[in-house]
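Asker: from the sequence below, what's the structure:
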Amino acid sequence: MELEKLQKIIAEVLNVDTEEVTWDTTFVDDLGADSLDIFQIVMGIEEEFDIEIPTEEVEQIVSVGDAVEQIKRLIG
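Answerer: Numbering: from 1, shown residues only. Modelled structure (predicted):
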């Protein structure tokens, strides 16, 4: 469930197909995201899941799987 919602957020921000966004996809290396893209994705995640990701933890999110794990941890 989290992965599907996250795929939509990422696809919208980066203008890619949701099929390109998998568990192992990295934001920078695979999708070419820059810091502004990452910021927009994080804002989308926080809004969609009604959570707040601390700045120091955002820096540790490298792949889509990392983001899903972070979401699961924060929503309990």
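Asker: when you work out contacts or count neighbours from here on, use the C-alpha atoms and nothing else.
Answerer: Will do.
Asker: lowest average confidence, helix or strand, in this structure?
Answerer: Using mean pLDDT, DSSP states H and E, helix 55-58 stands out as the lowest-scoring helix or strand of the chain, at a mean of 93.
Asker: contacts for that helix?
Answerer: Contacts with helix 55-58, where a contact means CA atoms under 8 Å, 6 or more residues apart in numbering, come from residue 42.
Asker: with stretch 19-32 instead?
Answerer: By CA under 8 Å, 6+ apart, stretch 19-32 touches 3, 7, 10-11, 14, 33-34, 38, 62-65.
Asker: what packs against the longest helix along the chain?
Answerer: As assigned by DSSP state H, the longest helix anywhere in the chain is helix 35-49. On a contact count with 3 or more CA pairs under 8 Å, 6 or more residues apart in numbering; DSSP states H and E, helix 35-49 meets helix 2-14.
Asker: how about the helix it packs on: buried residues?
Answerer: 3, 6-11, 13-14 (16 or more other CA atoms under 10 Å).
Asker: how many other residues sit next to residue 63?
Answerer: 19 (other CA atoms under 10 Å).
Asker: state the pLDDT value of it.
Answerer: As predicted, residue 63 sits at a pLDDT of 97.
Asker: for the one 5 residues further on, same thing?
Answerer: Residue-level confidence at residue 68 comes out at 95, pLDDT.
Asker: that one sits in which helix or strand?
Answerer: helix 64-75 (DSSP states H and E).
Asker: buried residues in that helix?
Answerer: If you call a residue buried by 16+ other CA under 10 Å, then helix 64-75 has these buried ones: 64-68, 70-71.
Asker: chain center to that helix, what's the gap?
Answerer: On the basis of CA atoms, centre = their mean, to the nearest Å, helix 64-75 sits 9 Å off its chain's mean C-alpha point.
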